[in-house]
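**Q** Here's a sequence, model it:
(one chain, ligands or ions: 2)
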Amino acid sequence: MADCLFCEIIGKTKQARIMHETEDIVAFHDLNPQAPVHILIIPKKHISKLAQAKSEDVELLGKVQYAAMEIAKNLDLSDFRLVMNNGRKAGQTVDHLHYHLLSGRRLLWPPG
Ligand code: 5GP
Ligand code: ZN
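**A** Ligands and ions are numbered 1, 2, ... in the order given. Purely as a prediction, here's the structure:
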């Protein structure tokens, strides 16, 4: 997708600290980390937000969550949070579906 920051990271035309990649998924360190571990996990397919996902994307969505689990396991994280913001008022600033994997500090609940 043109003019999509995360599609540029997927296409390697924009630099990012990629730490996990499969045929369908890329994970990279957030530029502005909110915790000692802050990794973004995204599908390579451009889906602007979860509300735009189709039934054909169900397997892909499962793969994203499974990748988060594998990354957490590889980093030896026993406690972590997986967050997804859908829409501006929920905090979404980049219009390419992404999940935040946060860990390394005590995480408050409920989030703001
Ligand atoms: P959102 O607010 O949409 O849920 O999350 C977007 C996230 O992307 C933010 O945590 C922000 O710091 C991160 N981000 C924005 N631009 C870039 C970038 O160019 N590179 C990386 N690695 N992260 C980015
Ligand atoms: Zn995109």
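
**Q** Now residue 103. Its backbone dihedrals?
**A** The phi/psi pair for residue 103 (degrees, to the nearest 10) reads phi -170, psi 180.

**Q** Now for it: which residues touch it?
**A** Shown in contact with residue 103 (CB atoms under 8 Å, 6 or more residues apart in numbering): 35, 36, 37, 72, 75, 77, 79, 80, 81. Placement of C-beta: from N, CA and C, glycine included.

**Q** thought the third one was touching residue 75?
**A** Pointing back at residue 37 there. Yes: with contact defined as CB atoms under 8 Å, residue 37 reaches residue 75; the gap is 6.5 Å.

**Q** neighbour count winner among those two?
**A** residue 37 (19 against 14; other CB atoms under 10 Å).

**Q** So is the strand of greatest length in the chain next to ligand 2?
**A** Longest strand in the chain, counting residues (DSSP state E): strand 37-43. No: if you take CB under 5 Å from the ion as the test, strand 37-43 misses ligand 2, and the best it gets is 7.9 Å.

**Q** ok, now stretch 24-31?
**A** No: Stretch 24-31 lies out of reach of ligand 2 by CB under 5 Å from the ion, never closer than 10.7 Å.

**Q** So what touches that stretch?
**A** 9-10, 16-21, 38-45, 60, 63-64, 67-68, 71, 100-101.

**Q** Same question for stretch 11-19.
**A** 5, 8, 9, 26, 27, 28, 29, 31, 39, 71.

**Q** And for residue 9, the neighbour number?
**A** Count around residue 9 with other CB under 10 Å applied: 19.
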